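**Q** 3D, please:
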Amino acid sequence: MRGCFSFSRFCLQNIFNPTCQVIAGVRPGLLARALRCLNLKRSLVCQTRRVAMGSAPLQEDARKIFGAAVSSVLPSHILQRSLRVRDGSDGSSVLECGGLELALNRNLYVVGFGKAVLGMAAALEQIVGRHLLQGVISVPRGLEESLKQSGRREMLLAPRSLIRVLEGAENNMADEAALEAASEIQRLAEKLTEKDILLVLISGGGSALLPAPIPPLTLQDKQTITKQLASRGATIQELNTLRRGLSRLKGGGLARAAYPAQVISLILSDVIGDDLDVIASGPTVCSSYKAEECLQILEKYELRGSAPVSVERVLLSRPQNAETDGFGHVRNILIGSNRIALREAGEESVRLGYRTLILSTVISGDVSLVSRFYGLLARVICSILADSPEQQPLEQEIQAVAGEMDVPDLELADRIQELRKSKDLDSVCVLCGGETTVHVHGEGKGGRNQELALRVAQGWHNTKDGMEGFEVLFLSGGTDGQDGPTEAAGAFSYPRLLVDAQKEGLHLEQSLEQSDSNGFFTAFQDGRYLLVTGLTGTNVMDVQVLLVRRTRRQ
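**A** Numbers count the residues shown, from 1 in each chain. The predicted structure is shown next:
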């Protein structure tokens, strides 16, 4: 049947082609056979055409919009925007960064730690060239090889680079290799003088790559207390408070080690809200230390008696201080974030002809709740474009869901009002960013972005009202190119996805029960709705794109 269908399609596509006319004239039975086959497969043709001509243009637009977001925060781009060397006619050179102008005279050093700093270091070395004297960066084990396999050789250092690359923290867990890398970074920082400049490259994953426990605390002791707190539900803020209290380098420790050198930190944020003291636990950010805060956390989770003895000993032996002074030699500069990525994505969507709304950069919470929000949002937009009487109840419902999500910068009512006031709208793009969470239930393979896309489709399937006459597409993707333990960055979904999947024998509910969103999207239409980018070499959390386009006037 497949061959019959292929031939019928060939004849229709080429019916006015002279060659095909000859075939039809010589062998009229073949053409008749093709047309009979086409009639038998008419419904399949219509279904295929609806998917190909319906979601495909939107899918391509969503891919371009997501690509623009990622491109804007690639290491080479963010470094070129943030750093410049100006050479004078008299042979002098000046480093321009963050409003500072610093004289270069064989006095420039670099250290770094995080999942994206290898690409950042490669870009930096191209910018500063001969002015760099020495560097050390701590990156995840296997990163160089992964970048090679992903075709990202521009993110690798030159063969004769002056920057040493030390790999460690396998599976994002601090280990002895990361400990040695942190010690090398500290030694480099401590040898600097007031004439020197230290550039510090920081990105997500930096905390595990910069372990420096205060003696007599060992790395194993620190890992033990961290795991104990995490297993009892400690927040990231509480974990970071304790990490800073137990570390030589976190919580401003690296900046103190580099004093009196000028320290400039170039930071790529992968955290909600872009709090600089949270990214890699703030090694160059001024922070106070009070032993009672750390001890209260241990007491809250009933760990003060069971934690390693060295933990409390270190906490009580550290000097109590506010440390608000003594950081005049430090400049922390946020050079890449989800907000920057969404801004560029928004510009791309406008170029593609969409009325664009950037709703939030701090979308978080369980995917089951967040998916309800996006499903309702699509219906709200359709109701506004169609001037439907269902607008008000839908808006009340989505406001209730948004309230449960507790997103501080959402301002949903204002954005909806903006949309309502717009005239002659046919295409709308909504952009959001952040990082959702997933509760893993089964033995399947997936990630938060793929599961979010799948759950959005499930919601649309259960409530189809209000989207007739519109094309709708949702995309959620991780800017690092890796969604969970899969090769995909995320996935696309659309309102008829479940209907089309059922015709292939796929069952969404079963996939969700097994936490197998990747298995579902891999099987569905040969993976057509997976977003596969390869490792990007950057990370500013996730980006969500919702596209709505009118197909007919109501």
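**Q** mind jotting down where the strands sit in the stretch 301-450 of the chain?
**A** 330-336, 355-366, 427-437 (DSSP state E, counting those that start in this stretch).
**Q** so which of the ones you listed is nearest Ala230?
**A** Ranking the strands of the stretch 301-450 of the chain by proximity to Ala230 (CB to CB) places strand 427-437 first, at 13.8 Å. C-beta here means a position set from N, CA and C on the backbone, and glycine is covered the same way.
**Q** let's see the closest one as CSV, backbone CA atoms only.
**A** Provided in CSV are the C-alpha atoms of strand 427-437 (Å, rounded to 0.1, in the frame of the first residue of the first chain):
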residue,chain,number,x,y,z
SER,A,427,-0.9,36.0,14.9
VAL,A,428,0.2,36.1,18.5
CYS,A,429,3.4,34.8,20.1
VAL,A,430,3.7,34.5,23.9
LEU,A,431,7.2,34.0,25.4
CYS,A,432,8.0,32.8,28.9
GLY,A,433,11.1,31.4,30.6
GLY,A,434,12.1,29.7,33.9
GLU,A,435,12.4,26.2,35.2
THR,A,436,9.6,23.8,36.0
THR,A,437,9.8,20.6,38.1
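**Q** centre of the chain to it, how far?
**A** On the basis of CA atoms, centre = their mean, to the nearest Å, strand 427-437 sits 12 Å off its chain's mean C-alpha point.
**Q** same thing with stretch 387-400?
**A** Using CA atoms, centre = their mean, the offset of stretch 387-400 from its chain centre is 31 Å.
**Q** what of stretch 70-90?
**A** Centroid separation for stretch 70-90 versus its chain: 22 Å, with CA atoms, centre = their mean.
**Q** which parts of it are buried?
**A** 70-79, 82-83, 85 (16 or more other CB atoms under 10 Å).
**Q** go on, stretch 91-111?
**A** For stretch 91-111, by 16+ other CB under 10 Å, it's 93, 95, 97, 102, 104, 107-111.
**Q** a markdown table for the residues you listed, including secondary structure and pLDDT?
**A** What follows is those, written out as a markdown table (DSSP: H, G, I helix; E, B strand; the rest coil; pLDDT from 0 to 100):
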| residue | secondary structure | pLDDT |
| --- | --- | --- |
| Ser93 | strand | 96 |
| Leu95 | strand | 97 |
| Cys97 | strand | 96 |
| Leu102 | strand | 96 |
| Leu104 | strand | 97 |
| Asn107 | coil | 97 |
| Leu108 | strand | 98 |
| Tyr109 | strand | 99 |
| Val110 | strand | 99 |
| Val111 | strand | 99 |
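**Q** dump these into TSV; add distance to Val200 as well.
**A** Output for the buried residues of stretch 91-111, formatted as TSV (distance: CB to CB, whole Å):
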residue	distance to Val200
Ser93	20
Leu95	14
Cys97	12
Leu102	14
Leu104	17
Asn107	15
Leu108	12
Tyr109	10
Val110	8
Val111	6
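**Q** pLDDT weak spots in the stretch 51-200 of the chain?
**A** Residues of the stretch 51-200 of the chain meeting the criterion pLDDT under 70: 51-55.
**Q** can you show me the helices along it?
**A** Remark: helices assigned in the stretch 51-200 of the chain by DSSP state H, counting those that start in this stretch are 75-82, 117-128, 143-149, 176-190.
**Q** packing partners for the last one?
**A** With contacts defined as 3 or more CB pairs under 8 Å, 6 or more residues apart in numbering; DSSP states H and E, helix 176-190 has these neighbours: strand 108-113, strand 132-140, strand 163-168, helix 253-258.
**Q** from the ones you listed, which stretch is densest packed?
**A** Of all the helices and strands packed on helix 176-190, strand 108-113 has the most neighbours on average by mean count of other CB atoms under 10 Å, namely a mean of 27.
**Q** for it, which outside residues touch it?
**A** 95, 120-121, 124, 128, 131-139, 163, 181-182, 185, 188-189, 192, 196-203, 205-206, 209-210, 254, 261, 280, 283 (CB atoms under 8 Å, 6 or more residues apart in numbering).
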